[in-house]
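Peer 1: Return atomic coordinates for the entry below.
(one chain, ligands or ions: 1)
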Amino acid sequence: MRTRVKICGITRRQDAEFAVNIGADALGLVFYPPSPRAVNIEAARTIVAQLPPFVSLVGLFVDAHAEEVNACLEALPIDILQFHGDESASYCEQFDRPYLKAIRMRDGIDLQQQSRIYSSAAGLLLDAYQPGVPGGTGQVFDWSMIGQLTQPIVLAGGLDAGNVASAIRQVRPYAVDVSGGVEAEKGIKSHQKISAFMQEVANA
Ligand SMILES: O=C(O)c1ccccc1N[C@@H]1O[C@H](COP(=O)(O)O)[C@@H](O)[C@H]1O
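Peer 2: Coordinates of the predicted model:
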């Protein structure tokens, strides 16, 4: 099966268009103000104005008030929610929208238990753990920590063109998610790095 690709942390319309034209399956918008990749609703509207059909738009939140999530859902064509904080399953379920739950892979984590807790999630997004930073750290975790899960796995954390092919061969995820690994600088995507990343996914 083809590995899907989500490119996260899009802040410019030209980056969204480039990623879609080269074959990205999903684009992620970060609604987490402390992030250098954060966007507000107005900026997001411009970024997604010309998105073609069959590309999923993912809205990323970190322990946001439900009102903030609902405001984004009302204003934007968000297909999937990504919760990257300590949200409970009941919090995630209240929006009646497919969601990905990010699990930060710290030592000793019981992934099977997390899978049971978030059994309503459309997928588990596995990211590196770094104390005090919810995500987008550019850190890789030990992929051998991942066992068999019933839900689709979205592999994240420090992926780039140099390691994504071996990650796919080892983990066999449903999808890979990349942010920092395809940036020219924080918040600005490199079209050359996106191309190289997509090529490596296709080769894997
Ligand atoms: O991108 C961010 O700034 C961010 C902020 C807060 C939570 C998650 C964030 N990004 C997500 O983190 C992972 C890994 O990113 P990277 O490839 O290591 O840079 C990915 O799922 C991003 O969507």
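Peer 1: Regarding the chain, what is its longest helix?
Peer 2: helix 191-203 (DSSP state H).
Peer 1: Tell me if that one is near the ligand.
Peer 2: No. Figure legend: helix 191-203 not in contact with the ligand (C-beta under 6 Å from any ligand atom); closest approach 10.3 Å. C-beta: built from backbone N, CA, C; applies to glycine.
Peer 1: before we move on, what about stretch 160-175?
Peer 2: No. Shown here: stretch 160-175 not in contact with the ligand (C-beta under 6 Å from any ligand atom), separated by at least 7.9 Å.
Peer 1: Now that stretch: buried residues?
Peer 2: Buried residues in stretch 160-175, counting neighbours by 16 or more other C-beta atoms under 10 Å, are found at 160-161, 164-165, 167-168, 171, 173-175.
Peer 1: Tell me the one of those residues nearest the ligand?
Peer 2: residue 160 (7.9 Å; C-beta to the nearest ligand atom).
Peer 1: In this structure that closest one contacts residue 181, no?
Peer 2: Yes. Residue 160 lies in contact with residue 181 (C-beta atoms under 8 Å); the separation is 3.1 Å.
Peer 1: Can you work out which residues contact both of those two?
Peer 2: 193, 197 (C-beta atoms under 8 Å, 6 or more residues apart in numbering).
Peer 1: tally of neighbours for residue 118?
Peer 2: Residue 118: 23 surrounding residues under other C-beta atoms under 10 Å.
Peer 1: One more: residue 77?
Peer 2: The burial count for residue 77: 12, using other C-beta under 10 Å.
Peer 1: From here on, call the first residue 37.
Peer 2: Understood, numbering begins at 37; the last thing we discussed is residue 113.
Peer 1: so who does it touch?
Peer 2: Here residue 113 is in contact with 84, 87, 93 (C-beta under 8 Å, 6+ apart).
Peer 1: partner residues bridging the last one?
Peer 2: Residue 93 forms beta bridges with residue 63, as assigned by DSSP bridges.
Peer 1: what about it, distance to the ligand?
Peer 2: Going from residue 93 to the ligand by C-beta to the nearest ligand atom, to the nearest Å gives 13 Å.
Peer 1: ok, that residue - contacts?
Peer 2: For residue 93, the contact set (C-beta under 8 Å, 6+ apart) comprises 62-63, 65, 84, 87, 112-116.
Peer 1: Which of the residues you listed ranks first by neighbour count?
Peer 2: residue 65 (27 neighbours).
Peer 1: isn't there a strand covering it?
Peer 2: Yes. Per DSSP: H, G, I helix; E, B strand; the rest coil, residue 65 lies within a strand segment.
Peer 1: Return the residues in contact with it.
Peer 2: 46, 75, 80, 83-84, 93-96, 112, 114.
Peer 1: residues from this protein in reach of the ligand?
Peer 2: Counting by C-beta under 6 Å from any ligand atom, the chain comes close to the ligand at 44-45, 64, 66, 68, 71, 73, 96, 98, 120, 161, 163, 170-174, 192-195, 213-217.
Peer 1: buried residues in stretch 116-128?
Peer 2: 116-121, 123, 125, 127-128.
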